[in-house]
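Participant: need a structure here:
(chains A and B)
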There are 2 protein chains.
Amino acid sequence: MTVDPEPRPAGWLAVVGLGPGDPNWLLPEARDVISHATDLVGYQTYLDLVPPELRVSPKLHASDNGAELGRARHALALASAGRRVAVVSSGDPGVFAMASAVFEAQSAADAPDDWQLVDVHVVPGVTAALATAARVGAPLGHDWCCISLSDNLKPWSIVERRLIGALDADFALALYNPVSRQRPTRLADAFALIRARRAGTTPIVLGRDVGRPGERVRALSLRDVDLSECDMRTVILVGSSTTRFGASGPAGQRVFTPRWYPSESTER
Amino acid sequence: MTVDPEPRPAGWLAVVGLGPGDPNWLLPEARDVISHATDLVGYQTYLDLVPPELRVSPKLHASDNGAELGRARHALALASAGRRVAVVSSGDPGVFAMASAVFEAQSAADAPDDWQLVDVHVVPGVTAALATAARVGAPLGHDWCCISLSDNLKPWSIVERRLIGALDADFALALYNPVSRQRPTRLADAFALIRARRAGTTPIVLGRDVGRPGERVRALSLRDVDLSECDMRTVILVGSSTTRFGASGPAGQRVFTPRWYPSESTER
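Facilitator: Residues are numbered from 1 along each chain as shown, chains lettered A, B, ... in the order given. Sure, this is the predicted structure:
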């Protein structure tokens, strides 16, 4: 990257959460930042989630999924050269998404000095767990955890340790990245841990493409879950010992976790 | 409650997340639902977060904080009588907020039959943990937990069990409701558990009134935390073993958790 020796307008870099995809769930700040950007950087699927009227003027830089660190470096190079760059992610960019990749790239030992001067701003968004929870009621209404089941960047032993810790401490769980072609059996491994620690009546919610065309949300008991329904676009919510099915009204099956917790131990 | 014997237009009940308070973080769906409501129900502090132009036409029903179940019942009674009711919460209504209370009230054994027919819809929002995280970088970029430190509705033993489980499984933590006049020593109890399980260099983030006037965000090491800075309006983020301070750029001190996790055990 060549740096212009003349004074130049300061660039910036915003990591922007698009939410699940529905424009009704896009924050005004996200819309505002994107409309002022000269460059949009993102995985093609996420660039496609940007409302068409905001995709017209900035230059688009699409990249493959998985190439997160390269995308982050490209965005920092553009911003340090004076461009106004929005890196777009679905959901909240701080939850298993691009914000960490950008700070990793900026803080790397071999990062150019001028990347340190880039003002990186994060615009939050509605993360998939909360979008899915809203569709069925309030399954995450008490203490809960977010866990990515991907072992691309962490050993599976860490996933297991966190699943077991969260299950034994009776959290509700939101499981991201549940399955992929590279890891066909990991979801079954995770559910073996879950089935050993939760009653068969525990509510499970499968949310696929929530907030996008083709959305499908299913609430059912642990004993009735068919894991073949899950793919990489599914978020899975697992109830705690107090999570229950509620009234099944006009909106379908409801699931909620009460605000209270019984005084007696609920360990089984 | 008297029910009109004549056919009446169907009411509805929406539990609406206002986000932290900044209108730039209010979802279009929340704005739309509130603008179609005949009645707004909420704790006065949250009613005050509704943009003034949306507060003009609907009838306001303010109540004290803590009176959540009464507020939920009032909202269900209004909706079942044909009103269009928005129950407003700050943040995301499904995270330690009003959504669970509404489903608890609707599913109670003594709930009137016509409450079961009310279509309860949840509009998500930006929860305080993610708003605070966005301000400092990406501290929740890997697996993380949400825990309420309030023991109003759960025994402290459950809070301890969840804190220990989450710390030992090396999650990053977001702690809600950290302190109140009724429980002056609980935060110190929680930090005793944290200090026994995290290095003194672990990044801690204190976010007070994030997204509201007077916002204050502080990022500092565990060994330097002064708990007297925290009150009920503070959200506390606690790093995992991999959370680190990043480049301190124009936006101030940055904190992030990398996407990767080392293969070697990090247990101390």
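
Participant: show me the shaky parts of the stretch 101-250 of chain A.
Facilitator: Applying pLDDT under 70 to the stretch 101-250 of chain A flags the ranges A:249-250.

Participant: chain B contacts on the stretch 151-268 of chain A?
Facilitator: A:153-155, A:158, A:161-162, A:164-166, A:168-171, A:244, A:246-247, A:249-251, A:254, A:256-261, A:263 (CB under 8 Å from any CB of the partner chain). Where C-beta positions appear, they are placed from N, C-alpha and C, glycine not excepted.

Participant: take those and, keeping just the buried ones, write it as a ChimeraX select command.
Facilitator: The buried subset of those, as determined by 16 or more other CB atoms under 10 Å in any protein chain shown, is captured in ChimeraX by this line:
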select /A:154,158,161,162,164,165,166,168,169,170,171,244,246,247,249,251,254,256,257,258,259,261
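
Participant: the residue lying closest to residue A:262 once chain neighbours are set aside: neighbour count?
Facilitator: Nearest-residue entry for residue A:262: residue A:242, 7.3 Å, with adjacent residues in sequence omitted and distances by CB to CB, 6 or more residues apart in numbering or on different chains. Residues near residue A:242, counting by other CB atoms under 10 Å in any protein chain shown, number 18.

Participant: on that earlier part again, in strands, which of the residues of the stretch 151-268 of chain A next to chain B appear?
Facilitator: A:244, A:256 (DSSP state E).

Participant: mind listing what the residue nearest to residue A:262 touches?
Facilitator: Residue A:242 makes contact with A:142, A:170, A:257, A:258, A:261, A:262, A:266, according to CB atoms under 8 Å, 6 or more residues apart in numbering or on different chains.

Participant: so who does the nearest residue to residue A:116 once chain neighbours are set aside touch?
Facilitator: Leaving out its chain neighbours, the residue that sits closest to residue A:116 by CB to CB, 6+ apart is residue B:247, at 4.7 Å. Residue B:247 makes contact with A:103, A:106, A:107, A:115, A:116, B:254, according to CB under 8 Å, 6+ apart.

Participant: residue B:25 is in contact with residue A:29, correct?
Facilitator: Yes. Under the criterion of CB atoms under 8 Å, residue A:29 makes contact with residue B:25 at 6.2 Å.

Participant: residue A:182 and residue A:149, how far apart?
Facilitator: 12 Å (CB to CB, to the nearest Å).

Participant: check residue A:54 too.
Facilitator: With CB to CB as the criterion, residue A:54 and residue A:149 are 32 Å apart.

Participant: now residue A:217
Facilitator: For residue A:217, the distance to residue A:149 - CB to CB - is 19 Å.

Participant: equivalent analysis for residue A:210, please.
Facilitator: From residue A:210 to residue A:149 the distance is 18 Å (CB to CB).

Participant: more neighbours: the two, which one.
Facilitator: residue A:210 (29 against 22).

Participant: just the element for that one, please.
Facilitator: Counting by DSSP states H and E, no helix or strand carries residue A:210.

Participant: so who does it touch?
Facilitator: A:20, A:128, A:131, A:132, A:135, A:217, A:235.

Participant: repeat that for residue A:85.
Facilitator: Counted by CB under 8 Å, 6+ apart, residue A:85 has contacts A:11, A:12, A:13, A:14, A:37, A:38, A:39, A:40, A:41, A:75, A:78, A:79.

Participant: from the contacts of residue A:242, which is closest to chain B?
Facilitator: Comparing those against chain B with CB to the nearest CB places residue A:261 closest, at 3.4 Å.

Participant: now the phi/psi pair for the closest one, please.
Facilitator: phi -140, psi 130 (degrees, to the nearest 10).

Participant: same check, this time on residue A:211
Facilitator: Dihedral pair for residue A:211: phi 80, psi 10, per degrees, to the nearest 10.

Participant: mark out where each domain of chain A begins and ends.
Facilitator: Chain A breaks down into these domains under automatic domain parsing: A:12-126, A:129-256.

Participant: what's the offset of the first one from the middle of its chain?
Facilitator: With CA atoms, centre = their mean, to the nearest Å as the basis, the distance from the averaged C-alpha position of domain A:12-126 to the chain average is 14 Å.

Participant: check the longest one too.
Facilitator: Its chain's C-alpha centre lies 14 Å from the corresponding centre of domain A:129-256 when counted by CA atoms, centre = their mean.

Participant: mind checking the end-to-end distance for that domain?
Facilitator: The first and final residues of domain A:129-256 sit 14 Å from each other (CA to CA, to the nearest Å).

Participant: now do the contacts for residue A:176.
Facilitator: A:95, A:96, A:128, A:129, A:146, A:147, A:148, A:149, A:150, A:235 are the contacts of residue A:176 under CB under 8 Å, 6+ apart.

Participant: quick one: which helix or strand includes the second one?
Facilitator: It stands for residue A:96. Per DSSP H and E, there is no helix or strand for residue A:96.

Participant: also the fourth one?
Facilitator: Using DSSP H and E, the secondary-structure element containing residue A:129 is helix A:128-136.

Participant: which strands or helices does that helix pack on?
Facilitator: When contacts are defined as 3 or more CB pairs under 8 Å, 6 or more residues apart in numbering or on different chains; DSSP states H and E, helix A:128-136 sits against strand A:172-176, strand A:203-208, strand A:216-221, strand A:234-238, strand B:120-123.

Participant: closest to chain B out of the contacts of residue A:210?
Facilitator: Out of the contacts of residue A:210, the member with the shortest distance to chain B (by CB to the nearest CB) is residue A:131, at 5.7 Å.

Participant: report the contact partners of the closest residue to residue A:161 other than its chain neighbours.
Facilitator: Using CB to CB, 6+ apart and skipping the chain neighbours, the partner closest in space to residue A:161 is residue B:169 (5.4 Å). Counting by CB under 8 Å, 6+ apart, residue B:169 touches A:161, A:162, A:164, A:165, A:166.
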